[in-house]
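**Q** Have a look at this fold, sequence not included:
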């Protein structure tokens, strides 16, 4: 079910919420550039909105950074590891906001099933605000999935660009439709983690 409300839902900040539906294009970067990652552009492909740095030779494995279009770091996504994860039925990520002084504040956590014992194997996202939790519905590797809120509303949809799909069998270029009022920085923080989980452009 697609949400009909235009309620602003700032998770990172109001600056990243639009009053209208927004279509953004994701293009993977070569793995040799900052360890891979991807660039998020507006639908005209004229302006870079966000950049995601992967964890290649210049980064720490399991760390991803979401940057604004001008290159300023906005979010740090970090995979929790060690013995605790090895013994847990979930793999966990934590996302922190970064300010100009470098201080961090937890924004959301993401939980990925790590065991066949989990009855509902959906990837779930938990924010600081109670009642504002989400899950992933569909298949990210196929670029056919949605971020769904706790009421069952789709707040963002990932899909292949039809004009590209007809020309090449590649997932290197796809679009993300973000519903009115939804925080776009949050959406692409989640997509960055999904990209890593499924061993795509950021997992190097």
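**A** Structure received. Please read these numbers as outputs of a predicted model, since none were measured by experiment. Numbers count the residues shown, from 1 in each chain.
**Q** Start and end of stretch 109-123, how far apart?
**A** This stretch, stretch 109-123, spans 11 Å end to end (C-alpha to C-alpha, to the nearest Å).
**Q** Kindly report the same for stretch 126-141.
**A** Stretch 126-141: ends 22 Å apart by C-alpha to C-alpha.
**Q** Return the distance of it from the chain's centre.
**A** Stretch 126-141 sits 10 Å away from the centroid of its parent chain (C-alpha atoms, centre = their mean, to the nearest Å).
**Q** Which residues belonging to it are considered buried?
**A** Buried residues in stretch 126-141, counting neighbours by 16 or more other C-beta atoms under 10 Å, are found at 127, 134-136, 138, 140. C-betas here are computed from N, CA, C, even on glycine.
**Q** where exactly do the helices run in this protein?
**A** Per DSSP state H, the chain carries helices over the ranges 83-87, 162-165, 184-197.
**Q** Need the max-distance pair from the buried residues of stretch 126-141.
**A** 127 and 138 (20.5 Å; C-beta to C-beta).
**Q** Of all the helices and strands in the protein, which has the lowest average confidence?
**A** Here the helix or strand of the chain ranked lowest by mean pLDDT, DSSP states H and E is helix 162-165, holding a mean of 54.
**Q** Surely residue 63 and residue 77 touch.
**A** Yes - because the distance of 7.2 Å satisfies C-beta atoms under 8 Å, residue 63 is recorded as touching residue 77.
**Q** Compare neighbour counts for the two and give me the winner.
**A** Per other C-beta atoms under 10 Å, whichever of residue 63 and residue 77 has more neighbours is residue 77, with 24 against 16.
**Q** so residue 139 sits right up against residue 159, yeah?
**A** No - using C-beta under 8 Å, residue 139 is not in contact with residue 159, being 11.3 Å away.
**Q** can you map out the strands along this structure?
**A** Under the criterion DSSP state E, the chain contains strands at 22-28, 37-42, 48-53, 63-68, 73-80, 90-98, 104-113, 124-127, 134-139, 144-149, 154-160, 173-178.
**Q** Relative to residue 93, how far out is the residue nearest to residue 75 when sequence neighbours are not counted?
**A** Closest residue in space to residue 75, ignoring its immediate chain neighbours: residue 66 at 4.1 Å, by C-beta to C-beta, 6 or more residues apart in numbering. Counting by C-beta to C-beta, to the nearest Å, the gap from residue 66 to residue 93 is 13 Å.
**Q** joint contacts of these two?
**A** residue 77 (C-beta atoms under 8 Å, 6 or more residues apart in numbering).
**Q** Have a look at these two and say which one is more surrounded.
**A** For residue 66 versus residue 93, the count of surrounding residues by other C-beta under 10 Å is larger for residue 66: 27 against 24.
**Q** what about this protein, any weak spots by pLDDT?
**A** 1-6, 30-35, 45, 55-60, 82-88, 100-103, 114-120, 130-131, 162-171, 202-204 (pLDDT under 70).
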